[in-house]
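Novice: Below is the sequence, then the predicted model.
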Amino acid sequence: MIWMISITSTTLSLLKSAIGLYSLLNCLTIQKFLIEIFFTFFPIVLKINFFTSFDITFSKFFFEMEIGQQAFLAAMFVTLVSGFLGVFLLTRNLALIGDGLAHVSFGGVALAIVFSSTTPLYYALVLSIISAIIIYELQVREILSGDASIGIFLTGMLALGLVSLRIWGGGIQNDIEGYLFGNILLVDKESFNIICIISIVSIIFLTLCNKILLISSIDPLAAQIQGIPVRASGLAFSIVTAAAVVSMVQVMGALLVTALLVTPAATSQLVSSSIRTSFIWTQIFGFSSVLLGLYYSSELETATGSMIALVAAIIFGIVASFQFGVKPLLSQSDNTN
């Protein structure tokens, strides 16, 4: 009871701050200021492939426009949230939940297109949250194991989306390819608002409940003895995860969301000695993957999501090689001397 009262009172105060932060981020002056800071340190040129017969090259001037600022800030937001979320997912042994919910969100996007909706993320959000709740209940009630329930929703909702598009949507369209493989230009004003709200709420939740989530992940029985609402916090975590995954789909693509959720967090585990340092390293690896991925996707004219995923995997390979290959050799050399 004490835990719930504390969380509720803190949540109400932070929600006021979240509303103020959201209003601030929607200010064009603030967006231009953040973009100016970025290009001071990263003077890159982005070339975005539309999956059509033409390419458009964007420089700093693109990000001086509202659509460019929203697209870039959305990418930074989802990177920040995925970093925190990834650490908790690995701690809870739920690395594949992001992949499953991303495929569910694709089913929602497909249904939105079939129904001629201009806001497909709303459909994806509702469908993903419902699926996350069902998956969690199946796990808690031990009706199905975690992997089995995730696999059913992953394949089922992806199939629903593809079949719906084929029968009622006129086949796969260019916009759908962007949702599958990631296209930063899909982030319009409406999508930016959704991503901002989801990101702010997710960060508030993970900040408030980080101790509860860690304790309930490591030792659920001990958490229950201490009066921590393990089931309620787990359900809330599932809902936040579903919402965060939906916010990532436009940047990473439904097929590659796991790369940004899991790979930086897994890389951080190779070099971290504690949960706190793991959070820091995850953000470093995550932002490095996104920034380098955006740059090389423009240079090589590939989808943003696939290039970010490839860069994240390469960073993991480099860190793993150093930790388990180069570092032991250096240690042996020092001991010999």
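Specialist: That came through, no problem. Keep in mind it's a predicted model, so treat the numbers as computed, not measured.

Novice: Report the secondary structure element holding the residue most central in space within the chain.
Specialist: Central residue of the chain (CA atoms, centre = their mean): residue 82, 4.0 Å from the mean position. If you go by DSSP states H and E, residue 82 is part of helix 66-91.

Novice: dump the residue contacts of the residue nearest to the centre of the chain.
Specialist: 244, 248, 260-261, 264, 286 (CB atoms under 8 Å, 6 or more residues apart in numbering). For every residue, glycine as well, the C-beta is placed using N, CA and C.

Novice: Pull the distance from the helix holding residue 82 to the chain's centre.
Specialist: Averaged C-alpha coordinates place helix 66-91 at 6 Å from its chain's average position (CA atoms, centre = their mean, to the nearest Å).

Novice: Now do the buried residues in that helix.
Specialist: For helix 66-91, the buried set under the neighbour-count rule, 16 or more other CB atoms under 10 Å, comprises 68-91.

Novice: same deal with stretch 307-317?
Specialist: So for stretch 307-317, counting by 16+ other CB under 10 Å, buried means 307-312, 315-316.

Novice: Specify which member of these is nearest to residue 196.
Specialist: residue 308 (20.2 Å; CB to CB).

Novice: Could you check how far that closest one is from residue 204?
Specialist: For residue 308, the distance to residue 204 (CB to CB, to the nearest Å) stands at 25 Å.

Novice: Wait, a helix at residue 227?
Specialist: No: counting by DSSP: H, G, I helix; E, B strand; the rest coil, residue 227 is not part of a helix but coil.

Novice: Is residue 296 within a helix or a strand, and which one?
Specialist: Using DSSP H and E, residue 296 falls within helix 275-300.

Novice: What is the distance between that helix and the centre of its chain?
Specialist: Remark: helix 275-300 is offset 12 Å from the chain centroid, using CA atoms, centre = their mean.

Novice: Just after that helix, pick out the following helix or strand.
Specialist: According to DSSP H and E, the helix or strand after helix 275-300 is helix 304-321.

Novice: which residues are contacting that next one?
Specialist: Helix 304-321 is contacted by residues 48, 181-184, 251-253, 255-256, 259-260, 263-264, 266-267, 270-271, 285-286, 288-290, 292-294, 296-297, 300 when judged by CB under 8 Å, 6+ apart.

Novice: ok so, going back, buried ones in the helix holding residue 296?
Specialist: Neighbour-count burial for helix 275-300, counted by 16+ other CB under 10 Å, picks out 278-279, 281-283, 285-298.

Novice: ok, now stretch 227-236?
Specialist: Buried positions in stretch 227-236, judged by neighbour count with 16+ other CB under 10 Å: 228-230, 233-236.

Novice: now, which of the residues you listed sits nearest residue 324?
Specialist: residue 234 (33.4 Å).

Novice: which SSE is that closest one in?
Specialist: helix 230-252.

Novice: Following element in sequence after that helix, please.
Specialist: Helix 230-252 is succeeded, C-terminally, by helix 257-271 (DSSP H and E).

Novice: And residue 247, what's its pLDDT?
Specialist: Residue 247 carries a pLDDT value of 87.

Novice: Apologies, that question was intended for residue 79.
Specialist: So residue 79 comes in at 89 (pLDDT).

Novice: residues contacting it?
Specialist: Taking CB under 8 Å, 6+ apart as the test, what residue 79 contacts is 260, 283, 286-287, 290.

Novice: And these, which is closest to residue 214?
Specialist: The closest of the contacts of residue 79, once distances to residue 214 are taken by CB to CB, is residue 283, at 17.4 Å.

Novice: one step back: the residue nearest to the centre of the chain and residue 189: what is the separation?
Specialist: Counting by CB to CB, the gap from residue 82 to residue 189 is 22 Å.

Novice: before we move on, what about residue 134?
Specialist: Distance, residue 134 to residue 189, using CB to CB: 32 Å.

Novice: got it, and residue 332?
Specialist: For residue 332, the distance to residue 189 (CB to CB) stands at 58 Å.

Novice: re the thing from before, got the angle for the helix holding residue 234 vs helix 66-91?
Specialist: Angle of helix 230-252 versus helix 66-91, following axes from the mean of the first three to the mean of the last three CA atoms, to 10 degrees, is 140 degrees.

Novice: so how far is helix 230-252 off the chain centroid?
Specialist: Helix 230-252 sits 9 Å away from the centroid of its parent chain (CA atoms, centre = their mean).

Novice: so where's the stretch 201-337 of the chain shaky on pLDDT?
Specialist: Residue ranges of the stretch 201-337 of the chain with pLDDT under 70: 333-337.

Novice: After the helix holding residue 82, which helix or strand is next? Please name it.
Specialist: Next element after helix 66-91 (DSSP H and E): helix 97-114.

Novice: Residue 73 touches residue 193, doesn't it?
Specialist: No: between residue 73 and residue 193 there is no contact under CB atoms under 8 Å: 11.6 Å.

Novice: Ends of stretch 208-224, what's the gap?
Specialist: 18 Å (CA to CA, to the nearest Å).

Novice: tell me which residues of it are tucked away?
Specialist: Using 16+ other CB under 10 Å as the test for burial, stretch 208-224 gives 208-210, 212-217, 223.

Novice: Sweet, I'm off.
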